[in-house]
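S.K.: All I have is the shape, not the residue letters:
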């Protein structure tokens with residue numbers, strides 16, 4: 001194999017290596033983006049759940065307070 005063919009082979013191998021690495025980086029970037037979106041969605045859902053729990057706690061505390069302050073003859 002002559003020198004020109006050897007250099008051409010090295011250039012082609014380098015280009016293939018670069019393309020493969022770029023494709024792998026893009027794939028991993030997509031996975032990271034998907035994971036970030038999933039974590040953000042979980043955070044939003046947990047925040048909504050926290051609001052619901054607080055609302056239920058308020059309802060229960062108000063009900064308990066009303067029952068404790070109710071006159072004895074109304075039971």
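M.R.: Here it is on my side, so go on. Owing to the predicted nature of the structure, the values given are computational and were not obtained by experimental measurement. Numbering: from 1, shown residues only.
S.K.: which phi and psi does residue 32 have?
M.R.: When read as degrees, to the nearest 10, the backbone of residue 32 gives phi -70, psi -40.
S.K.: what sits against it?
M.R.: Shown in contact with residue 32 (C-beta atoms under 8 Å, 6 or more residues apart in numbering): no residues. Where C-beta positions appear, they are placed from N, C-alpha and C, glycine not excepted.
S.K.: how close does it get to residue 51?
M.R.: Separation of residue 32 from residue 51 (C-beta to C-beta, to the nearest Å) stands at 29 Å.
S.K.: Please apply the same query to residue 57.
M.R.: From residue 57 across to residue 51, the span is 11 Å (C-beta to C-beta).
S.K.: Ok, residue 19 next?
M.R.: Using C-beta to C-beta, which is the criterion applied here, residue 19 is 48 Å from residue 51.
S.K.: And for residue 16?
M.R.: Distance from residue 16 to residue 51, by C-beta to C-beta: 53 Å.
S.K.: just residue 11 next, same as before
M.R.: 60 Å.
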